[in-house]
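**Student:** I would like the atomic coordinates for the input below:
(chains A, B, C and D, ligands or ions: 4)
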Amino acid sequence: MVKYSIFSLLRNAVSNHENWPEAWRSPTPKPAYDVVIIGGGGHGLATAYYLAKEHGITNVAVIEKGYLGGGNTGRNTTIVRSNYILEANAHFYEFSLKLWEGLSADLNFNVMLSQRGVLNLAHTDADIDAHSRRGNAMRLNGIDAEFLNREQVKAFVPLLDCSENARYPIMGGLLQRRGGTARHDAVAWGYARAADARGVDIIQNCAVTGIRREGRRVVGVETERGFIAAKKVGIAVAGNSGVVAGMAGLRLPIETHVLQALVSEPVKPVLDCVVTSGAVHFYISQSDKGELVMGGDLDFCNSYAQRGNFPAIEHVIRSAVALFPSFSRLRMLRLWAGIMDMSMDGSPIISKTPLDNFYVNCGWCYGGFKATPGSGWMFAYTIAKDEPHPINAPLSLDRYISGRVYDEKGQGPTPWAH
Amino acid sequence: MNGQPFRNPSGGLIDRARPLSFTFNGRRHAGYAGDTLASALLANGVRLVARSFKYHRPRGIVGAGAEEPNALVQLREGAATEPDTRATQVELFDGLVAKSQNCWPSVGFDLGALAGLLASALPAGFYYKTFMWPASWWPTYEHHIRRIAGMGEAPRDRDPDRYDYRHAHCDVLVVGGGPAGLAAALAAGRTGARVILVDEGAALGGSLLGEQAVIDGRPALAWVEETVGALAAMPDVLLLRRATAFAYNDHDMLAIVERRFDHMASPPPFETRQRLWLVRAERVVLATGAIERPIVFAENDRPGVMLVSAARAYANRYAVRAGSRAVVFTNNDSAYGAALDLARAGIEVAAMVDVRPDGGEAARRARAAGIRVLAAHGVLAAHGGRSVEAVSVAPIDGTGRAAGRAERIDCDLVCLSGGWNPAIHLFSQSGGRARYEPAIAAFVPGTSVQAERSVGAARGSFALADALAEGLAAGATGAAEAGFGDGAVPPAPGIDRAVEAPMRPLWAVHGVGSKRAKRFVDFQNDVTAADIALAVREGYRSVEHVKRYTTLGMGTDQGKLGNIQGLAILSGLVGADIPAVGTTTFRPPYTPVAFGAIIGHATGADFDPVRRTPMYDWHVRRGAPFVNTGLWKRAQVFPRPGETVLETIGREARAVRTSVGFVDVSTLGKIDIQGGDAAELLDRLYINNWKKLAVGKARYGIMLREDGMVFDDGTTTRLAEDHFFMTTTTANAVRVMSMLEYVHQVHWPELEVHMTSVSEQWAGVAIAGPNARNVLSRLTSDIDVGNEALPYMGCAEGTVAGLPARVFRISFSGEMAYEVNVPSDYGAAIMDAIMAAGEPFDIIPYGTEALNVLRIEKGHFVVGPEADGRTTPDDLGLSGMVSKTKDFIGKRSLSRPALTDPERKQLVGLLTVDPGERIPRGAQIVEDPSHPLPCPMVGQVTSTCFSPNLGRSIALALVKRGRSRYGERLYAASPVAGRTVEVTVVHHVFIDPKGERLRV
Amino acid sequence: MSEKRQAESALGADYRVGRHGAEGPEGPRIVLWERRPLALVILRARAAEGPFLAAVRAALGFELPRAAGASAVAGARAALWLGPAEWLVVAPHEGQGAPERALAGALQGVGGAAIDVSQGRTVVRAQGPRLRDLLAKLCGLDVHSRSLRPGMCAQSGFAHVTALLHLVDAAPTADLYIPRSYGRFLWHAILDGALEYGCEVREPAA
Amino acid sequence: MLLIRCPHCGPRNQDEFAYGGDATVKRPADPASASDSEWHAYIYVRDNPRGPHEELWHHAAGCRRWIRVRRDTLSHRILATGPVHGPLAEEEGR
Ligand SMILES: Cc1cc2nc3c(=O)[nH]c(=O)nc-3n(C[C@H](O)[C@H](O)[C@H](O)COP(=O)(O)OP(=O)(O)OC[C@H]3O[C@@H](n4cnc5c(N)ncnc54)[C@H](O)[C@@H]3O)c2cc1C
Ligand SMILES: NC(=O)c1ccc[n+]([C@@H]2O[C@H](COP(=O)([O-])OP(=O)(O)OC[C@H]3O[C@@H](n4cnc5c(N)ncnc54)[C@H](O)[C@@H]3O)[C@@H](O)[C@H]2O)c1
Ligand SMILES: Cc1cc2nc3c(=O)[nH]c(=O)nc-3n(C[C@H](O)[C@H](O)[C@H](O)COP(=O)(O)O)c2cc1C
Ligand SMILES: [Zn+2]
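**Tutor:** Ligands and ions are numbered 1, 2, ... in the order given. This is a model prediction of the structure:
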């Protein structure tokens, strides 16, 4: 792997950049692998990377039906944070955030982690209570959190409508300064390049069409390019979890829902952190290129369409203008959608399954981008050791049978309402 | 008018009787009504209008419409300013102010252009490879990157304009008012169908406005005028100009933005600036035309390089010469007609450079008109700095490589036509799959998914005769499918059909010269052919990877000019044909749309509906501030002059315990339940038993979700054997109603029961305190309010204050209390009456704050902090209520292992060890505050207050094994507040644990 | 105690009688007023059949409409279809709860329910040549004269508030039955939408 | 915006409806005798098909009836609608 640096960049400038090597190979699939990971999103690629790096398992294939990172990894609003209240989630996401903090160096690929702060607004007394409760849990869990009052919020985000007569006046906010955003595509590419360098085969444009089972064991996967045998199979296919697990005969506590996001035309910096509001279901940040990137609620009905409908978008924009009245004249440039693996408690699943050598990584809802490093690390561990790490042990499938669910919002099993 | 050196003295569709003045980059210029900002700038000889995104290269005007990638300006000033506005679509108005953006100090001398000098070190994706060391510097790097990026400046103040929003339904929606669209609308309109025709332009006619076509032997614009007149006369045809269909949503719902008054300095009074139309159409005709595409060559971004169709439109429609001496570079016939138009407009056509060996009839005609035609030639490079000065032209081979000596031709205008791309954006958004048509080397609509059909240039039918014929056919068929007319297609007007020579695909010309020369594919984002090659070299081969790695097509024009070139270049590099490479996904909006327009009236305080109780005005009259509870506005406190909020709360809460107070409880959900199986339904819903409840009695009930968690609580009263009146929490009123309907209609439709929300019908007031009965007895003569006749949990109907009323003896505060319900219009009246009747007892109204203090003192959990969707009845100390004899929603879940775990958190009370110390809100409970992080938490404070009645701080909390910890010392830790408070665990009912006060 | 108590409209101080918005030569193209007082009763049955219908016919003096979105009007009384076997009966206000009691009485023994919601709705009447345009700004129903004909009614979202629309006549005139607590919010949206047409708010009348 | 044909009211915009999820899960007739894993399947486990999906919608801003809709989750095309209990009527439309 050629090391990326300012020096290699300058060196290559001299040769008109005609000597850069491929970031990853495009190998022909081998007949068999020790581990096959289905899904070439951030999670699948990270899993392969950590299998190689942490466990020395390099005879690994990542099988992706489209192009790398073309799933939710390539279509999310890129918010990275670890501001969870329930312990299982807090420890997991904080573990992930710590990995983020060293990720560019680890991968030798600038994922542009931008820790510009995630501010979660409080609009009512109840919000202040809930946000304080969460902030306190974070702090006691060793995670950074601050509570800002209205004046501090105003100073931190000058364009917010902090007036008393706003429909939902802003009364304060919970700030995690270590939160922020990262460059979504770079995460997929960086992991792919680093995994490839350690010997992982990354196979694009190759959908898995079936999973071959012998009793309680999985023996390999049918793909568009033929059968590939595998000693272990892990899936990290996000919105397609139900379909792919179904190929192995499993049904999951997952529904697939569509989430939309949009960007404005680019403008000079006007928003220097991530702002989210639970009360109005909205989040926004400004990318380095200048677009305002924003999103909100799901479309509220099962969908695999990767396209959404108007009411959800209208609501996102209503929220944007309610919080930032001056954004009214900015324009929507593009809107798109991704299909979310909504779990029944809104928390993720990194788990063994009733099958001996088949593992699932799903349930990321609309929060799995920030999980990418942690998820890959834990999933690799679970596959390599055939048992979960203590951090992801609570995030197993059997929690739904025992009832030990992690319902951050307390919504109950209505995945479209998480 | 003088000062418009490039304006021809006559011709064009501008209104010379209405001269306008405008300012660009601080300089005043003149134009005419009918101009766009772009045409007016060109008329004034302004060619350098913008700087590009990454390298800050000087840029001019390339197009004449939605496809424009370069000429983005900062339009208007102050709160009304609009960044990134395409000058080609801005209608000129008097006093217009615009300036160049993304440049400093000026568009002519831009320091940002230094980036261009470093360009060789900044190829596509360079940022992924650098800025990593030292890691701690990334924020600094990023800060500077952000300042250089961006484009225009966002406004900082509230938008001065209003917007609105409306729906429409029609039989046939026609998008595009060119010949194809007009024909479609005419054919559909004649059948009597409801037709809506939208066009993004100010005038209908589409490309005819910029051409000099002939229909039925007359100028085509005469046909346009006649057709528009006919359509306008049809009562059920709606013509919307300045209206862009920007999103084709599911089930044939299109979103259209109508820019009603952007062509004026500001909208007239009471008018909205823009209007969003949501149109549901039975059938849709897409007549969106085609967008011409450029050809890539070295330094092809110099101001003065322009689409042929644009130069032609400037000449014909605006009487503006886009330059003085032009070289026209084409691979198809359409440019020849344009070249003749340019010549007619007074532009010297120095040469027609045609990549084809033989331009056929068109070339012969051009030669006959004295134009030099260079066949089998290509433009290798443009020369010049802030404006093009010359081009190098040379013979080329079939692949676009220079195959002979280059000739330099001086010119200040280079017009390009690399063929046409049908505008399939809306078609693609509808879910339709595009198909590659080699004859025109473009993607055209393929398989349809929704009820749309494309016609004319949008379908790849570029001949005017075809556009008209297809339009008429689609209009007639669409109407027939929607139930109007017989589908017969009206005869098409007569048109001379020119013999066309086939176009020859050519995407880029490869000269020999410097490798450093830039050959732009995406002008706005400065993506070059070399960037695409680099992406491919590095393994980013999928068209989607190329897009994301290079940012091709991600600008505000969404690649309307560059995308197809980009993928054609990609296809050459990866050795796959264009259809195999495929396009990126077309996503809404077609062109960017102001956020304000999408939301219409729903801004500011109208962002979300507001619910007001019947006492709202009464509270206003008393000076109460309001708080939001869901959509409701509730009175928070009733302050007296000089009081702090805390003093008010204390006074109000004390008054209730010592004498009497009253509070508006109208927000509670109220459901009327009738029918023979009403009690049965309640039994299946609530955890406790309902069948034996006596008529005239109320009972407290708890509902679970099916997963066993507490969902809602409230009292339900049996008004008659088969008639109940249920109350729900304010927060869940809507959800409980839906759930009732769900379980009845889905699970148990056999039950005979009718449920009707009557939340809105009744105003509710709770009168609470030891003197509550004394107050109420002064207000009623027909209800016996004595403890015998109306005991705790009793109910009576009669009159209160002369109003028909229901009185319930229930209590949230823990005091003797009556909830009085009267019809909503009397909300204020009953408040006045209670106030008056309570005077001898110093009665006071109280708000949500005191209400909350009272319920905390009484240890009542509420949905939200305590019942947070993760608590079971047992967690809340209510397992005694759970019926063992019947099933109910959620019961089965309660026996799952996690729900019976002895380690679960349970509701307890907390007392501070120091009575005066306040318990911080949202504190977490820890056993050892000095434990190193992470510090184990055993619970959390759910509600806390200073109890004015106990004179100390109290709190409710959920604590692991809480009920076994009474007396234990724990710590309420709030690191965010910087405080940790020592507390003692107690039972959660602080006042009157036996409930004696309720029953007196 | 039996002093006369003042009934208060949900629209309160926001109900300002007079001219609003554009002043065109045609005069106000939207006229609005609040209809009050009215008696409103929701009627429901398990099924729209047999003895129930007969009992209601006897009590009301006319037949309940059976088709979706239909209404029946007899003099000052009307019945509007709300859903399968569910109607809103509108009648003049003749003392609190009067029609409810009459209907409930009539239903004795035949099943079903009659529920008084007289004060649970703010009823806004709108009239004028731009009425359909105004409605199109508020709701997604097809309000074109071909689809929404006099006598038809429908529930839908109006500026995100659920309300019942009844097209009373071809003037056109429409009644909007708005849940009382949302009354003022929707009233604002109605006025806002009507400003461009010029609008007159009249004194309330039944 | 989807156009959903309410079997009672006729075709209406999606925003009049609230979604109610998979219509094929049935509440066990006797919850007390359901095993933990059967009960868990009822509450949590879904087929989650990519294609035709039978689901409940609540006509919340209309007749307030829960209805059953067969909708393709990939194309969003509505294949059939009907009352909760009773036959679905095929949709030829969108
Ligand atoms: C609009 C939107 C906004 C979001 N915002 C945020 C946010 O701000 N912060 C945050 O943390 N998270 C966010 N998320 C969630 C986050 O994007 C995802 O949880 C995360 O990216 C999931 O990563 P993944 O690798 O599991 O899935 P994906 O990136 O979706 O990868 C799964 C891959 O599996 C492939 N696949 C599927 N089926 C098969 C098959 N049969 N054979 C082979 N391959 C297959 C897919 O093609 C896909 O590439 C958002 C998501 C969306 C859609
Ligand atoms: N090769 C060629 O010679 C060639 C190529 C292209 C077009 N043409 C000419 O173009 C004409 C074809 O007519 P046509 O009617 O198909 O196209 P057109 O270009 O005349 O009309 C298209 C219209 O659609 C409008 N439009 C596009 N997208 C829109 C949207 N999203 N919302 C609202 N409006 C939108 C445009 O403003 C334009 O007015 C003929 O006159 C033909 O001669 C010729
Ligand atoms: C964080 C983020 C920022 C984006 N910024 C832009 C942008 O500036 N311009 C653009 O055209 N698209 C932008 N997109 C959207 C992508 O073009 C694309 O729509 C998205 O990745 C989904 O892919 P699809 O539309 O190909 O399905 C952005 C996407 C993300 C996730
Ligand atoms: Zn309905």
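
**Student:** Make sure residue D:68 is actually in contact with residue D:87.
**Tutor:** No. Shown here, residue D:68 and residue D:87 do not form a contact pair, counting by CB atoms under 8 Å, at 9.7 Å. To be clear about C-beta, it is placed using only N, CA and C from the backbone, and glycine gets the same treatment.

**Student:** okay, these two: which has more neighbours?
**Tutor:** More neighbours surround residue D:68 than the other of residue D:68 and residue D:87, with 22 against 10 (other CB atoms under 10 Å in any protein chain shown).

**Student:** What segments of the stretch 301-450 of chain B are strands?
**Tutor:** Along the stretch 301-450 of chain B, counting by DSSP state E, counting those that start in this stretch, strands occupy B:305-307, B:325-330, B:348-354, B:373-375, B:377-384, B:388-395, B:407-410, B:413-417, B:420-422, B:433-437, B:442-447.

**Student:** possible to save these as JSON lines with mean pLDDT and distance to residue A:217?
**Tutor:** As requested, these are exported to JSON lines (pLDDT from 0 to 100; distance: least, CB to CB, whole Å):
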{"stretch": "strand B:305-307", "mean pLDDT": "98", "distance to residue A:217": "62"}
{"stretch": "strand B:325-330", "mean pLDDT": "98", "distance to residue A:217": "65"}
{"stretch": "strand B:348-354", "mean pLDDT": "98", "distance to residue A:217": "67"}
{"stretch": "strand B:373-375", "mean pLDDT": "97", "distance to residue A:217": "69"}
{"stretch": "strand B:377-384", "mean pLDDT": "96", "distance to residue A:217": "63"}
{"stretch": "strand B:388-395", "mean pLDDT": "97", "distance to residue A:217": "67"}
{"stretch": "strand B:407-410", "mean pLDDT": "97", "distance to residue A:217": "73"}
{"stretch": "strand B:413-417", "mean pLDDT": "98", "distance to residue A:217": "62"}
{"stretch": "strand B:420-422", "mean pLDDT": "97", "distance to residue A:217": "52"}
{"stretch": "strand B:433-437", "mean pLDDT": "97", "distance to residue A:217": "40"}
{"stretch": "strand B:442-447", "mean pLDDT": "97", "distance to residue A:217": "42"}
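
**Student:** Could you dump these into JSON lines and include mean neighbour count and distance to chain C?
**Tutor:** Listed next are the strands of the stretch 301-450 of chain B as JSON lines, based on neighbours: other CB atoms under 10 Å in any protein chain shown; distance: least, CB to the nearest CB, whole Å:
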{"stretch": "strand B:305-307", "mean neighbour count": "28", "distance to chain C": "38"}
{"stretch": "strand B:325-330", "mean neighbour count": "27", "distance to chain C": "46"}
{"stretch": "strand B:348-354", "mean neighbour count": "24", "distance to chain C": "49"}
{"stretch": "strand B:373-375", "mean neighbour count": "19", "distance to chain C": "55"}
{"stretch": "strand B:377-384", "mean neighbour count": "24", "distance to chain C": "50"}
{"stretch": "strand B:388-395", "mean neighbour count": "22", "distance to chain C": "47"}
{"stretch": "strand B:407-410", "mean neighbour count": "15", "distance to chain C": "55"}
{"stretch": "strand B:413-417", "mean neighbour count": "28", "distance to chain C": "43"}
{"stretch": "strand B:420-422", "mean neighbour count": "24", "distance to chain C": "31"}
{"stretch": "strand B:433-437", "mean neighbour count": "16", "distance to chain C": "29"}
{"stretch": "strand B:442-447", "mean neighbour count": "19", "distance to chain C": "28"}
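
**Student:** From residue A:132, how far out is residue A:264?
**Tutor:** Distance from residue A:264 to residue A:132, counting by CB to CB, to the nearest Å: 32 Å.
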